[in-house]
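Enquirer: Build me a structure from this.
(chains A and B)
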Amino acid sequence: MAIISPDEAVKERVLAVQEYALLTGEAIANLFRRPRYVADMLMQADFIGVGSLPIVILTGLSIGAVLALQTSSTLQQFGVTSITGQLVSFSMIKEIGPVLTSLMLAGRAATGMASELGSMKVTEQIDAMRALGTDPIKKLITPRVVATVVMLFFLSIISDLMGLFGGFIVAVSLLGISTRQYWTSTYQQLQFADVFQGLIKPFFFGLIIATIGCYYGFSTKGGTQGVGRSTTQAMVAASVLILIVDFFITRLLIGIFGR
Amino acid sequence: MPETTTDPTSGNGHPQPAEVVLEFKDVELGFDQHLVLRGVSFRLHHGETKVLFGVAGSGKSVLLKLALGLLKPDAGVITVLGQDINLMEEKDLFQLRRKIGMVFQESALFDSLTVEENVSFRLVEEHAPPDEIHQRVVEALRFVELEHTLQKFPAELSGGMRRRVAIARAIITQPEIILYDSPTGGLDPITSTTIVELLIKQRDVYRTSALMVTHRLQDGFTMATHCYDKEKGQMVPVKTSGTDTRTSFLILRDGKVIFDGSGRELATNTDEYIREYIS
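Expert: Residues are numbered from 1 along each chain as shown, chains lettered A, B, ... in the order given. Here you go, the predicted structure:
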């Protein structure tokens, strides 16, 4: 493996950020330009949204149940297990629901996009599309961005609900909390700011997942090995970016709403 | 307006004015501080087929991508159908590319689409009526004798069949220029002859200008020494002068054009490298 000088390495990174920013900008700008590939958007929405439902339901249920179990042991020390539902709902709706769903989708959709587009890149299919007079960003990336952003929004809501349901099963069956007490505590203390925080995040995370997946796919080099490398890099980059952006959005929204 | 020049390759010894459809002027391109093309200049005239020879890594495929605007040169001017493509934005290039057909080295068919969807791709993008699309797809596939493969996926076809589907995809809109990137590369001699026959058929039936990259000398010479006989439905040797006057040759060496001329001029060239190359 060739050794790259530090300044070359930095320049490569800066170039990658520049290319990513341009690609993302172009993909978003294409929303306002014709032609719009509605059929491709629906196909991607089916793959990303409907196809991810089982994994989102399963992780939502599981994390909600674990949250109820973990928090109850602490709450028992203060004799307030009755607010288990409140803790589960706050955690799920504001943070864990959108973040966990996004990480799941990064594993499923971002890697799928990187490997599919990467294979197209190394077999010259992207060049063939350009040669046929079709803008591959418009045809391949914009539909994926739209589908991911829209579907992640709904998947996050489903994940939140499944988390609450998982917590409910544990609260009622293992912690001895009544059904009415659990469900009442889940929404009594919720405010607009909490729900807004949980619903705004998927838009940013969806954008990250789709653009990172597509960027790594489009910048694939080096045959099948390169496709594998792009797929891994897309997963890592999307996950890390989601966690970093989550911190800043949370800090911003706490600053705005005070909670 | 496209430039009009004297076409040295057009018929029976009398120069005739022919439109220049593709022109490279002192084109240079490098990757990672290594120059691949060093001041390449040539012209392709309307109806002419230029066969581009060169050893592996001499910049043949790069030259085709430059002609399509898929790559931008570091220096020089590339004019396609009268337009300087260096000055064009990507969105304008998409319009221009619709007038150019390209057959990629490994076919580059969309592997998740059927043969019919692959061939009709450009027509669907242009929102042509479905009936017309189907009819034209069948016609294009009939031209390459693959009309029975409509619903097959590229993975179900042999290498030669994939190459023929790629030709059908390139010619379906009857482009003004066709670029062939090693259309016979990796194929057995019999299939290669079938592909070359199709290229000759396309040249003689539709009079399309073409730039064909190859490292197989016999393909280029077959192009120059044969023409398509519509009555017989196959290629036959050129009778009158022995070579087709619309087919010329270009040889690249280390990123430079070292020969640009007719088959006859190539055969009588005394340059040592060229002699060795064509022997």
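Enquirer: list the buried ones in the helix or strand where B:V137 lies?
Expert: For B:V137, the element it lies in under DSSP states H and E is helix B:130-143. By neighbour count on 16 or more other Cβ atoms under 10 Å in any protein chain shown, the buried set for helix B:130-143 is B:I133, B:R136, B:V137, B:A140, B:L141, B:F143. Heads up, the C-betas are built off the backbone N, CA and C, glycines and all.
Enquirer: That helix and chain A, any residue contact?
Expert: No. Legend: contact between helix B:130-143 and chain A by Cβ under 8 Å from any Cβ of the partner chain is lacking; minimum distance shown is 13.5 Å.
Enquirer: by contact count, what packs against that helix?
Expert: If you count contacts as 3 or more Cβ pairs under 8 Å, 6 or more residues apart in numbering or on different chains; DSSP states H and E, helix B:130-143 packs onto helix B:115-119, helix B:121-125, helix B:159-171, helix B:189-206.
Enquirer: Can you lay out these as a markdown table showing mean pLDDT?
Expert: Formatted as a markdown table, those follow (pLDDT from 0 to 100):
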| stretch | mean pLDDT |
| --- | --- |
| helix B:115-119 | 96 |
| helix B:121-125 | 94 |
| helix B:159-171 | 93 |
| helix B:189-206 | 88 |
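Enquirer: Show me the one of these that comes nearest A:C214.
Expert: Of all those, it is helix B:121-125 that lies closest to A:C214, at 19.9 Å by Cβ to Cβ.
Enquirer: export that closest one as PDB, just CAs?
Expert: The C-alpha trace of helix B:121-125 is given here as PDB (Å, rounded to 0.1, in the frame of the first residue of the first chain):
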ATOM      1  CA  PHE B 121     -34.200   3.200 -21.900                       C
ATOM      2  CA  ARG B 122     -33.700   6.300 -24.000                       C
ATOM      3  CA  LEU B 123     -37.100   6.200 -25.600                       C
ATOM      4  CA  VAL B 124     -38.800   5.900 -22.200                       C
ATOM      5  CA  GLU B 125     -36.800   8.900 -20.900                       C
END
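Enquirer: who's in contact with it?
Expert: For helix B:121-125, the surrounding residues in contact (Cβ atoms under 8 Å, 6 or more residues apart in numbering or on different chains) are A:35, A:132-134, B:98, B:110, B:113, B:117, B:132-133, B:136-137, B:169, B:172-173.
Enquirer: Assign a three-state SS to A:R259, would you?
Expert: Here A:R259 is recorded as coil under DSSP: H, G, I helix; E, B strand; the rest coil.
Enquirer: what does chain B have sitting close to chain A?
Expert: B:65, B:68, B:70, B:90-91, B:94-95, B:97-98, B:100, B:102, B:104-106, B:108-111, B:121-122, B:125, B:169.
Enquirer: can you redo the helices and strands packed on helix B:130-143 as CSV with mean neighbour count and distance to B:L35?
Expert: Listed next are those as CSV, based on neighbours: other Cβ atoms under 10 Å in any protein chain shown; distance: least, Cβ to Cβ, whole Å:
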stretch, mean neighbour count, distance to B:L35
helix B:115-119, 23, 36
helix B:121-125, 19, 34
helix B:159-171, 25, 30
helix B:189-206, 18, 31
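Enquirer: Redo these as JSON lines? Include distance to A:Q189.
Expert: Shown next, in JSON lines, are these (distance: least, Cβ to Cβ, whole Å):
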{"stretch": "helix B:115-119", "distance to A:Q189": "54"}
{"stretch": "helix B:121-125", "distance to A:Q189": "54"}
{"stretch": "helix B:159-171", "distance to A:Q189": "61"}
{"stretch": "helix B:189-206", "distance to A:Q189": "73"}
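Enquirer: starting at the chain centroid, how far to the helix or strand A:Y187 falls within?
Expert: Assigned by DSSP H and E, A:Y187 falls within helix A:179-188. Helix A:179-188 sits 28 Å away from the centroid of its parent chain (Cα atoms, centre = their mean, to the nearest Å).
Enquirer: What pairs with the longest strand along chain B, parallel or antiparallel?
Expert: The strand that spans the most residues within chain B, counting by DSSP state E, is strand B:16-31. The strands beside strand B:16-31 in its sheet (DSSP bridges) come out as strand B:4-7 (antiparallel), strand B:34-45 (antiparallel), strand B:75-80 (antiparallel).
Enquirer: Which residues belonging to the longest one are considered buried?
Expert: Counting neighbours by 16+ other Cβ under 10 Å, one finds that the buried residues in strand B:34-45 are B:L35, B:V36, B:L37, B:R38, B:V40, B:F42, B:R43, B:L44, B:H45.
Enquirer: Also stretch A:38-48?
Expert: Applying a neighbour-count criterion of 16+ other Cβ under 10 Å, one finds A:D40, A:M41, A:Q44, A:A45, A:F47, A:I48 buried in stretch A:38-48.
Enquirer: Skipping adjacent residues, who's closest to the spatially most central residue of chain A in space?
Expert: Centrality entry for chain A: nearest residue to the mean C-alpha point is A:S102, 2.2 Å, by Cα atoms, centre = their mean. Once flanking residues are discounted, A:S102 sits nearest to A:F205: 3.7 Å by Cβ to Cβ, 6 or more residues apart in numbering or on different chains.
Enquirer: Would you tell me which residues of chain A are close to chain B?
Expert: Residues of chain A lying near chain B (Cβ under 8 Å from any Cβ): A:35, A:119-120, A:123-125, A:127-135.
Enquirer: And the buried ones among those residues, selectable in ChimeraX?
Expert: Buried residues among the residues of chain A next to chain B (16+ other Cβ under 10 Å), as a ChimeraX selection:
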select /A:119,120,123,124,125,127,128,129,130,131,132,133,134,135
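Enquirer: The residue nearest to A:S102: how many residues sit nearby?
Expert: 29 (other Cβ atoms under 10 Å in any protein chain shown).
Enquirer: Tell me who's in contact with it.
Expert: Shown in contact with A:F205 (Cβ under 8 Å, 6+ apart): A:P98, A:V99, A:S102, A:L105, A:L152, A:I242, A:V245, A:D246.
Enquirer: In a strand, the second one, correct?
Expert: I take that to be A:V99. No. A:V99: not assigned to a strand; according to three-state DSSP it is helix.
Enquirer: was I right about it contacting A:K201?
Expert: Yes. Contact status for A:V99 versus A:K201: in contact at 7.3 Å, counting by Cβ atoms under 8 Å.
Enquirer: higher neighbour count, those two?
Expert: Using other Cβ under 10 Å, the more surrounded residue of A:V99 and A:K201 is A:K201, with 26 against 21.
Enquirer: Would you mind measuring from that one to A:T134?
Expert: Distance, A:K201 to A:T134, by Cβ to Cβ, to the nearest Å: 33 Å.
Enquirer: same check, this time on A:M92
Expert: Where A:T134 is concerned, A:M92 sits at a distance of 42 Å (Cβ to Cβ).
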